[in-house]
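Peer 1: Please find the sequence and the predicted model below.
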Amino acid sequence: MGAFEFDAAMTLAGDGPVFGAVLDGRWDGHEGANGGFLLSLATRAVGEVLPFPDPLVVSGFYLRPGSPGQAEVRTEVIRAGRTTAFGQASLRRDGKEVLRATAAYTDLAAAAARGGPSYAGIKPPDLPPPSRCQALHRAANPPISFAERIESRVAELPGWVTRTPPSGNPVYQGWMRFADGREPDLLSLPLFVDAVAPAAMELNLRRVTTVELTVYLRARPAPGWLAYRTLTRYLAGGYLEEDAELWDSAGRLVAQSRQLALVLR
């Protein structure tokens, strides 16, 4: 199992199927621990009890905010086949379940070697190189600790930064990486898909909270910046969907996601 070393908070204690973990507050947003961070933690825990090296898809339901402190992750093997294994994880704080996640693991290198048909109906975002983009600072009061861990650059600053009216077009794209220069890995991609401000802010929405998030892991990312595109196409009854794509420095699609979020009043 590959190490998930981008932060000490990703350390799991124990040999499974129950692990200890610490939510140290360094990856918090407005509503507690960032949803992508929690899903990355659950994904890693499931991988510790499955026989394949690579997450293929993971889906999580967010039951309550993840507050800082000691946490417990209970895992279960659902089924292990010849090419794919399935498991689930329950992340708990103070005896209460915060996140329930299911995941499928495989061997992506073996899958690529087997070959098969391919099709690509999408392309990477058309962006200037990161050196020619502007740094995107996600200012908030009180400050969001999570925003300090991810560096993001964009070709054009959004309205919520320039204090201009929202565009009405809920699409964001740009570059991102760990702020300390650490390279992305497969297990960090669930965090990165949830690492930018919601594109629905262009609809004059300020705060949303994730109800469910599903991430498809397509390839191990090459070192360097990740290009991202996020967009919302439908909002009704206070619920919206947000789709995200991540492309590595080699121009490969490495992750896709869809989440259902609730607008907070």
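Peer 2: Now that the structure is in, tell me what you want to look at.
Peer 1: in a helix, that's where Gly168 is, yeah?
Peer 2: No - read with DSSP: H, G, I helix; E, B strand; the rest coil, Gly168 is coil and lies in no helix.
Peer 1: pretty sure it is in contact with Leu205, am I right?
Peer 2: No - using CB atoms under 8 Å, Gly168 is not in contact with Leu205; the gap is 11.5 Å. Heads up, the C-betas are built off the backbone N, CA and C, glycines and all.
Peer 1: Of those two, which one has the most company?
Peer 2: Leu205 (19 against 9; other CB atoms under 10 Å).
Peer 1: Spatially nearest residue to Arg233 (excluding sequence neighbours)?
Peer 2: Nearest non-adjacent residue to Arg233, counting by CB to CB, 6 or more residues apart in numbering: Glu241, 6.8 Å away.
Peer 1: Identify the bridge partners of the one you found.
Peer 2: Note on Glu241: beta-bridge partners by DSSP bridges are Leu260.
Peer 1: pLDDT wise, what is it at?
Peer 2: On the pLDDT scale, Glu241 is placed at 97.
Peer 1: So what sits opposite Leu217 in the bridge?
Peer 2: Applying DSSP bridges, one finds that Leu217 bridges with Ala255.
Peer 1: can you pull the contacts of it?
Peer 2: Going by CB atoms under 8 Å, 6 or more residues apart in numbering, Leu217 touches 54-58, 108, 186, 189-190, 254-255.
Peer 1: got it, and Trp160?
Peer 2: Here Trp160 is in contact with 166, 197, 201 (criterion: CB under 8 Å, 6+ apart).
Peer 1: again, only this time at 7 Å
Peer 2: Trp160 makes contact with Met201, according to CB atoms under 7 Å, 6 or more residues apart in numbering.
Peer 1: that's a helix at it, yeah?
Peer 2: Yes - Trp160 forms part of a helix when assessed by three-state DSSP.
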